[in-house]
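Trainee: task: produce atomic coordinates for the following.
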Amino acid sequence: MTLLANAEWERNQTEETDPAIFEKEIKPKLKTVSLAETMSATGLSRTYCGLIRRGVRIPHPRHWEVLRELVKSPCFSRRLTQLGLSDARKPDYLTYPLNVK
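Mentor: Just a heads-up that it's a prediction; the model follows:
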């Protein structure tokens, strides 16, 4: 099913995709999004979402828009505020699990 969905997306795609876009715009912000949220948004497995969040894998470009929206969501903005960050600051340094109680 995934291969068919990817092929369908690629047939209808008019713009070229560059992995650097994912690396720069989406990946840094995914570090504070739960695996459950990522799984729910993309339909991908927990294991694969974990690999994406750790930077081991780059998801197929058809998932980038939903991931971009996920990190822009009000819940994400609230989470950044609770961590003392603003949406304008790129949380590149959030590489370790947070012990938020």
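Trainee: in the protein, what helix or strand scores lowest on average pLDDT?
Mentor: Counting by mean pLDDT, DSSP states H and E, the chain has its least confident helix or strand at helix 74-82, which shows a mean of 62.
Trainee: helices of the protein, residue ranges please.
Mentor: 2-12, 19-21, 27-30, 35-42, 46-54, 64-72, 74-82 (DSSP state H).
Trainee: so what's the model's average confidence on the third one?
Mentor: Confidence over helix 27-30 (mean pLDDT, whole number) is 90.
Trainee: returning to that earlier point: which of the helices of the chain is buried the deepest?
Mentor: Mean neighbours per residue, mean count of other Cβ atoms under 10 Å, is largest over the helices of the chain for helix 27-30, with a mean of 20. Every C-beta, even on glycine, is put in place using the N, C-alpha and C of the backbone.
Trainee: now for it, which elements pack on it?
Mentor: helix 46-54, helix 64-72 (3 or more Cβ pairs under 8 Å, 6 or more residues apart in numbering; DSSP states H and E).
Trainee: 7 Å - rerun?
Mentor: Packing partners of helix 27-30 (3 or more Cβ pairs under 7 Å, 6 or more residues apart in numbering; DSSP states H and E): helix 64-72.
Trainee: same question for the helix it packs on, mean pLDDT?
Mentor: pLDDT averaged over helix 64-72 gives 86.
Trainee: can you give the contact residues for that helix?
Mentor: For helix 64-72, contacts defined as Cβ atoms under 7 Å, 6 or more residues apart in numbering pick out 22, 25-26, 29-30, 33, 37-38, 41-42, 76.
Trainee: sketch out the low-pLDDT regions of the chain for me.
Mentor: Counting by pLDDT under 70, the ranges of the chain that qualify are 1-3, 5-7, 9-10, 14-16, 74, 76-101.
Trainee: again, 50 this time
Mentor: 87-101 (pLDDT under 50).
Trainee: roughly how far apart are I26 and P19?
Mentor: Using Cβ to Cβ, to the nearest Å, I26 is found at 11 Å from P19.
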